[in-house]
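**Student:** predicted coordinates and the sequence they were generated for:
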2 protein chains.
Amino acid sequence: MYGEVVHENIKRLLEERDLRKLRDLLIAFRPADIADLINEIPDEDKALVFRILPRELATDTFEYLTFDRQKSILSALGQERVAILLNGMDPDDRTALLEEFPAAAARQLVLMLSKEERAVALSLLGYPENSVGRLMTPDYIAVKEDWTINDVLSHIRKDGKDTDNMHVLYVVDAKGKLIDDLRIRDLLLASPEKKVSELLNHKFLALNVRDDQEKAVEMFKKYDRTALPVIDPNGAMLGILTVDDVLDVAEEEATEDIQKLGAVEALEEPYINTPIFELIRKRARWLVVLFIGEMLTATAMGYFESEIERAVILALFIPLIISSGGNSGSQAATLIIRSLAIGEISVSDWWKVFKRESFSGLILGSILGAFGFLRVTLWAFVGSTYGPHWLEVATVVALSLVGVVVWGVLTGAMLPFILKRLGADPATSSAPFVATLVDVTGLVIYFSIASYFLGGLLL
Amino acid sequence: MYGEVVHENIKRLLEERDLRKLRDLLIAFRPADIADLINEIPDEDKALVFRILPRELATDTFEYLTFDRQKSILSALGQERVAILLNGMDPDDRTALLEEFPAAAARQLVLMLSKEERAVALSLLGYPENSVGRLMTPDYIAVKEDWTINDVLSHIRKDGKDTDNMHVLYVVDAKGKLIDDLRIRDLLLASPEKKVSELLNHKFLALNVRDDQEKAVEMFKKYDRTALPVIDPNGAMLGILTVDDVLDVAEEEATEDIQKLGAVEALEEPYINTPIFELIRKRARWLVVLFIGEMLTATAMGYFESEIERAVILALFIPLIISSGGNSGSQAATLIIRSLAIGEISVSDWWKVFKRESFSGLILGSILGAFGFLRVTLWAFVGSTYGPHWLEVATVVALSLVGVVVWGVLTGAMLPFILKRLGADPATSSAPFVATLVDVTGLVIYFSIASYFLGGLLL
């Protein structure tokens, strides 16, 4: 955005410790862009930037940094500066940061807050992890039913200075119960003498403070809102959730789903920040489970040892056949898991999917079967690699491919439904998980077909 | 939301064709909820609901339906109703719908628009697919620099009735060039006599009309906005992009990435609406490519045919070993592809990742190797399955696992970087793609280690 030149300029000013010029240059920047810059400069200079930035710009910039950066900057700043940053942060961003500290350190930080902010921070930290309560901010404007539009406007002018979120106002009664929401649009279009009560339609939508954050994402997607009020079970207004937080949650969820699909347990932090042993642990668990499952292939192959001994040629096609089953199963699982995750299909669609996938599997299997048949035939003619019974071998390979692909596709497509029906996360049926399941059964299919067609010839 | 009872009630009124009561009941609903209801009722009743709904509620509801539903409803309604719906739709949603029709039908529909709306529709359809232009709406409020806040407020009251988006106003000069944006918040906080020019900071952000939609998603995520202006290369204001559209685009992108990771070409429509033969085509292409790659395993195995003949026992562990490489490679590829996609890491981080993954691969390989060693040893003692040379076999299996897993992890982790460096989409290195690559090399690793340890004994 701002080009290399400006960045170079800033780095030079930093080196020369020309703080006055640096400050003058920085205040023309947007917070998100200063955050980008901070990511580039040496660690020892990061805190320095926060010492010279004006208070508001400092907190706005701070909120755009990753938790790791925020933590290291807080530890490099004096107590006074830390207090300024923490008190100035949006309550929802602050909650997220405090969650990252060990309990004792978080308590220390909470003590540095003003009395008001401390109450807010403690109450937000009291809600369950991944609940709407942890994401909400008490930064909204509440108005009363019997006010006129003019009253509302002067209220905003008087008390709204610290409020970022003014797209929607919230009408509450004397006890703090949410009565309705009022879009600023409707307020501005109405004549100034009208009463708030005349503008209400009592059709408001709200989230419960203990709702799961996933539910919030769904609500925002369904109703296309930029903010939603958060209430307690008695209907009292507690705060609002804004769409920017929801975009982040949606991205995190997609990341988790993708990681699960790749048979990795969801990481809590970005890949590059995850401690190496945690990273290994999150992968080892699934890898070992899959390995133990895959051990069954050695057992299955043990049963067919004498067949392999008599016709080593059979062994040559094992990887080709089982991986085709695994690949087609991975495709089907991926499609179905994602469709389930974003609500395109539901568990009740399983039969429809079963029919579609049976047909798809048959066609896909036939295509691969044809290729397999061709492969064996060609090699038989060119190099007479596969001996006098090449036609039977080609038939066995082709038919096994059809069988294994149909089986792979149906396993991949149905497993997510079964998991969801059992209350588990469909994404658990990761591509590698499906592939492993299909490997074992694929071997049985292959050797059964081989016994039938090659019995008396090679076997 | 509204419970089964209400839905049942509505279905009964529909059956009895009690349209007056039905209308009275429906107008209390939110558009998104009426859309849910329409998804549940018989096809022949769907258009009926649109005949009885008040004009504005009808268009709002219509916008929440899928394209397929929208198309079938339009075809069931008379020309007049179609015109009402199309003219009332938000321009961005309308563009998306018109894109779904064949060119001739889209032209027919455009002709039914009012002169004004027709000009809007045609200009939006003129921008490239997946560009910001296709998503934008001309539904925003423009103000002039020399107006007072009071002027702005009365302008809004007079001309803002059709405008949904009032969170941010846009200051343009006489030629329509964007000068700055102005948050409604700052407007409301200022005293009414102030001039617009006094509130500007000229720090506005804008998207170019031909920017890719992915860029828009990044901008919204980075700067936490609810709307962004769209300008042409000369800086003239063309429209705005709102965050609700961006949430949809972000979801579509995640879906595409997930599908590619599963080795399916990205679907253009939801799985369940994709015609079956398109679905098969999108899967067959990759499946055939992978199959052809996997054919190399048969070739590789051909080289080791005499080894297998002499020691059939080696064949038994082939699926176990190559799938372990595939699984660990899939994990690594998934982690790295997602991290690259959301910008947690960039190509320049490859060396850091290489070091992390070498270490992770070594540990993960050692874990699986230990399990493999144990498996062979146990079976050797319990069933003396693996003959007198079980210790050598166990060593070969264990060391092959270490080698194959390290190789799988490094392939999975580095391939996305290589693809990105070459300008390709890193997600092309799907889990099945990595698994296939690793299968072939895994066999070579296995048989090389076997030759070394078992030469003179079994081989």
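**Tutor:** Thanks, I have the structure now.
**Student:** tell me the contacts of residue A:364?
**Tutor:** A:328, A:405, A:409, B:280, B:283, B:284, B:287 (C-beta atoms under 8 Å, 6 or more residues apart in numbering or on different chains). No exception for glycine: its C-beta is placed from N, CA and C like everyone else's.
**Student:** among these, which one has the most neighbours?
**Tutor:** residue A:328 (38 neighbours; other C-beta atoms under 10 Å in any protein chain shown).
**Student:** is it in contact with residue B:286, as I believe?
**Tutor:** No: counting by C-beta atoms under 8 Å, residue B:286 is not a contact partner of residue A:328; they are 9.9 Å apart.
**Student:** neighbours of residue A:203, how many?
**Tutor:** Neighbours around residue A:203, by other C-beta under 10 Å: 11.
**Student:** ok, residue A:199 to chain B distance?
**Tutor:** Per C-beta to the nearest C-beta, to the nearest Å, residue A:199 is found 14 Å from chain B.
**Student:** quick one, what contacts that residue?
**Tutor:** Contacts for residue A:199 (C-beta under 8 Å, 6+ apart) come out as A:182, A:186, A:187, A:190.
**Student:** go through those residues and name the one nearest residue A:95.
**Tutor:** residue A:182 (26.9 Å; C-beta to C-beta).
**Student:** give me the element that closest one is part of.
**Tutor:** Using DSSP states H and E, residue A:182 sits in strand A:178-183.
**Student:** near chain B, from the contacts of residue A:199?
**Tutor:** With C-beta under 8 Å from any C-beta of the partner chain as the criterion, the contacts of residue A:199 include none near chain B.
**Student:** turn those residues into JSON lines, columns for distance to residue B:64, secondary structure and neighbour count.
**Tutor:** Converted to JSON lines, these look like this (distance: C-beta to C-beta, whole Å; DSSP: H, G, I helix; E, B strand; the rest coil; neighbours: other C-beta atoms under 10 Å in any protein chain shown):
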{"residue": "A:182", "distance to residue B:64": "22", "secondary structure": "strand", "neighbour count": "22"}
{"residue": "A:186", "distance to residue B:64": "20", "secondary structure": "helix", "neighbour count": "16"}
{"residue": "A:187", "distance to residue B:64": "25", "secondary structure": "helix", "neighbour count": "23"}
{"residue": "A:190", "distance to residue B:64": "26", "secondary structure": "coil", "neighbour count": "18"}
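**Student:** could you report the pLDDT at the residue lying closest to residue A:39 once chain neighbours are set aside?
**Tutor:** Nearest in space to residue A:39, with sequence neighbours left out and distances taken as C-beta to C-beta, 6 or more residues apart in numbering or on different chains, is residue A:69 at 7.2 Å. Residue A:69 carries a pLDDT value of 85.
**Student:** my guess is residue A:69 meets residue A:36, correct?
**Tutor:** No: using C-beta under 8 Å, residue A:69 is not in contact with residue A:36, being 11.5 Å away.
**Student:** what's the burial count for the nearest residue to residue A:164 once chain neighbours are set aside?
**Tutor:** Excluding the flanking residues, the one nearest residue A:164 by C-beta to C-beta, 6+ apart is residue A:139, at 6.0 Å. The local packing of residue A:139 (other C-beta under 10 Å) involves 17 other residues.
**Student:** quick one: contacts for residue A:139?
**Tutor:** A:90, A:91, A:162, A:163, A:164, A:165, A:239, A:240.
**Student:** hmm, try it at 7 Å
**Tutor:** Going by C-beta atoms under 7 Å, 6 or more residues apart in numbering or on different chains, residue A:139 touches A:90, A:91, A:163, A:164, A:165.
**Student:** closest point of the stretch 151-300 of chain A to chain B, which residue?
**Tutor:** Here the residue of the stretch 151-300 of chain A nearest chain B is residue A:262; by C-beta to the nearest C-beta that distance is 2.5 Å.
**Student:** interface residues of the stretch 1-150 of chain A facing chain B?
**Tutor:** A:30, A:32 (C-beta under 7 Å from any C-beta of the partner chain).
**Student:** so after the longest helix belonging to chain A, what's the next helix or strand?
**Tutor:** Counting residues, the longest helix found in chain A (DSSP state H) is helix A:350-383. Reading on from helix A:350-383 to the C-terminus, the next helix or strand found by DSSP H and E is helix A:390-421.
**Student:** in CSV, list the C-alpha atoms belonging to the helix or strand following that next one.
**Tutor:** Using DSSP H and E, the next helix or strand after helix A:390-421 towards the C-terminus is helix A:431-454. Provided in CSV are the C-alpha atoms of helix A:431-454 (Å, rounded to 0.1, in the frame of the first residue of the first chain):
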residue,chain,number,x,y,z
ALA,A,431,-9.3,-37.9,3.5
PRO,A,432,-6.5,-40.1,5.1
PHE,A,433,-9.0,-41.8,7.4
VAL,A,434,-11.3,-42.7,4.4
ALA,A,435,-8.2,-43.8,2.4
THR,A,436,-7.1,-46.1,5.3
LEU,A,437,-10.5,-47.7,5.6
VAL,A,438,-10.7,-48.3,1.9
ASP,A,439,-7.1,-49.7,1.7
VAL,A,440,-8.0,-52.7,3.8
THR,A,441,-11.3,-53.5,2.1
GLY,A,442,-9.7,-52.7,-1.3
LEU,A,443,-7.3,-55.6,-0.8
VAL,A,444,-10.0,-58.0,0.0
ILE,A,445,-12.0,-56.9,-3.1
TYR,A,446,-8.9,-57.3,-5.3
PHE,A,447,-7.9,-60.7,-4.1
SER,A,448,-11.4,-62.0,-4.1
ILE,A,449,-11.8,-61.0,-7.8
ALA,A,450,-8.4,-62.4,-8.5
SER,A,451,-9.2,-65.8,-6.9
TYR,A,452,-12.4,-66.0,-9.1
PHE,A,453,-10.7,-65.2,-12.4
LEU,A,454,-7.3,-66.7,-12.0
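**Student:** tell me the SS of the closest residue to residue A:28 other than its chain neighbours?
**Tutor:** Among residues not flanking residue A:28 along the chain, residue B:203 sits closest, at 7.6 Å (C-beta to C-beta, 6+ apart). Classification of residue B:203 by DSSP: H, G, I helix; E, B strand; the rest coil places it in coil.
**Student:** residue B:203 contacts residue A:30, correct?
**Tutor:** Yes: with contact defined as C-beta atoms under 7 Å, residue B:203 counts as touching residue A:30 (6.1 Å).
**Student:** list the contacts for the residue in the stretch 351-459 of chain A positioned nearest to chain B?
**Tutor:** Nearest residue of the stretch 351-459 of chain A to chain B, counting by C-beta to the nearest C-beta: residue A:432, 4.3 Å away. For residue A:432, the contact set (C-beta under 7 Å, 6+ apart) comprises A:263, A:290, B:327, B:330.
**Student:** number of nearby residues for the last one?
**Tutor:** A count of neighbours around residue B:330, defined by other C-beta under 10 Å, yields 31.
**Student:** mind checking which helix or strand it is in?
**Tutor:** Going by DSSP H and E, residue B:330 is in helix B:318-341.
**Student:** let me know the pLDDT of the residue of the stretch 351-459 of chain A closest to chain B.
**Tutor:** pLDDT, residue A:432: 84.
**Student:** that one and residue B:438, how far apart?
**Tutor:** 12 Å (C-beta to C-beta, to the nearest Å).
**Student:** try residue A:180
**Tutor:** Taking C-beta to C-beta, one finds residue A:180 at 59 Å from residue B:438.
**Student:** do the same with residue A:124
**Tutor:** 47 Å.
**Student:** list the buried residues of the host helix or strand of residue A:75.
**Tutor:** Using DSSP H and E, residue A:75 sits in helix A:67-76. By neighbour count on 16 or more other C-beta atoms under 10 Å in any protein chain shown, the buried set for helix A:67-76 is A:69, A:70, A:73, A:74, A:76.
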